[in-house]
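**Student:** Just to be clear, the model below is a prediction. Sequence and coordinates:
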Amino acid sequence: MIHVPTAPWAHIVFDLLAWGGGAALSVRLYRWRLREIADHVARKVGPGYFVALVLGAAPGAWLAGSMNTLREHAPVLSHSVAGALIGAIVGVEIYKRLRGVTGSTGGVFVGSFTLGVVIGRLGCFFAGLSDDTYGVPTRLPWAVDLGDGIGRHPVQLYESLSMFAFLALYLVGLERRRAWALRRGFYVMCAWYGVQRFAWEFFKPYPRLVGPFNLFHLLCLGLIAYGWLYYRADLLTERSKNGAVSVPGSDDEPVRGVP
């Protein structure tokens, strides 16, 4: 069992690092690969897009988090990054439908969200038991003691490493100008986030909602379905054109037959 020094204030420190790192990465990716795609999206959606995003993300975060923690032995209000993501998706998709906007518009957020989770979960980990995101007891060699003398699954690190792996693959996809990263990166991210978090939720002591599943299992299934269905729809739209789609960029080349 590995003893981990913890402090509640660590969460705030890592949250600030997550916001700053995410913003910096967004700027870097915009200048490197996403400028023309992001500018094209910005011209389509208008300023109301970000209002819809915030109006969806804020209540989504608190609603999902609180629906879970209010069912625990010590009910409290809380927020959730999964709820924020789902709320933002709902708000934006409604806005897009009203404006007649089609196609993915979330590509510019992929890097910042992913890096934010990577860093933010470290804050959850080092905040310890007070963060209420700790894992269930285990006797595995890498079990961590967060201050109560009980060896637990480091579920926060599981998620951080999973999203770091996705970020690495995403950056490779951008470097090689793969359509899945440039055009459908947001859908892939949502599906991957849902898959990996669905798995880790089995290692958390959250209240069960349906059989062995807690609230976040169900939310993750929604994210997986959203990512998969919208990915497939965009792929079919791409293939229904001339069999090739041009990906904007200074060294623009047609992308053919991209999975």
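**Tutor:** Received, thanks.
**Student:** For stretch 138-153, measure first residue to last.
**Tutor:** Using Cα to Cα, to the nearest Å, the span of stretch 138-153 from its first residue to its last is 6 Å.
**Student:** What's the mean pLDDT across that stretch?
**Tutor:** Averaging pLDDT along stretch 138-153 gives 97.
**Student:** quick one: it to chain centroid distance?
**Tutor:** Stretch 138-153 sits 26 Å away from the centroid of its parent chain (Cα atoms, centre = their mean, to the nearest Å).
**Student:** Please point out which parts of that stretch sit buried.
**Tutor:** Within stretch 138-153, the residues scored as buried using 16 or more other Cβ atoms under 10 Å are 138, 143, 144, 146, 150, 151, 152, 153. In this view, the C-beta of every residue, glycine as well, is placed from N, C-alpha and C.
**Student:** Show residues contacting that stretch.
**Tutor:** Here stretch 138-153 makes contact (Cβ atoms under 8 Å, 6 or more residues apart in numbering) with 1-4, 6, 128-129, 134-137, 154, 203.
**Student:** Is residue 85 in contact with residue 226, as I believe?
**Tutor:** No: with contact defined as Cβ atoms under 8 Å, residue 85 and residue 226 do not form a contacting pair (9.9 Å).
**Student:** Please say which of these two ends up with more neighbours.
**Tutor:** Neighbour count, other Cβ atoms under 10 Å: between residue 85 and residue 226, residue 85 has more, with 26 against 20.
**Student:** Let me see the contact set for that one.
**Tutor:** Residues in contact with residue 85, defined by Cβ under 8 Å, 6+ apart, are 57, 60, 113, 190, 193, 223.
**Student:** Which pair of the contacts of stretch 138-153 spans the longest distance?
**Tutor:** Largest separation among the contacts of stretch 138-153 by Cβ to Cβ: 3 and 203, giving 19.4 Å.
**Student:** Neighbour count: those two, which is higher?
**Tutor:** residue 203 (16 against 11).
**Student:** I'd say the more buried one and residue 157 touch.
**Tutor:** No: counting by Cβ under 8 Å, residue 203 does not reach residue 157; the two are 11.1 Å apart.
**Student:** Just give me the neighbour total for residue 225.
**Tutor:** By the criterion of other Cβ under 10 Å, residue 225 has 13 neighbours.
**Student:** Likewise for residue 73?
**Tutor:** For residue 73, using other Cβ under 10 Å, the count is 6.
**Student:** give the contact list for residue 237.
**Tutor:** Counting by Cβ under 8 Å, 6+ apart, residue 237 has contacts 102, 103.
**Student:** Thanks a lot, see you next time.
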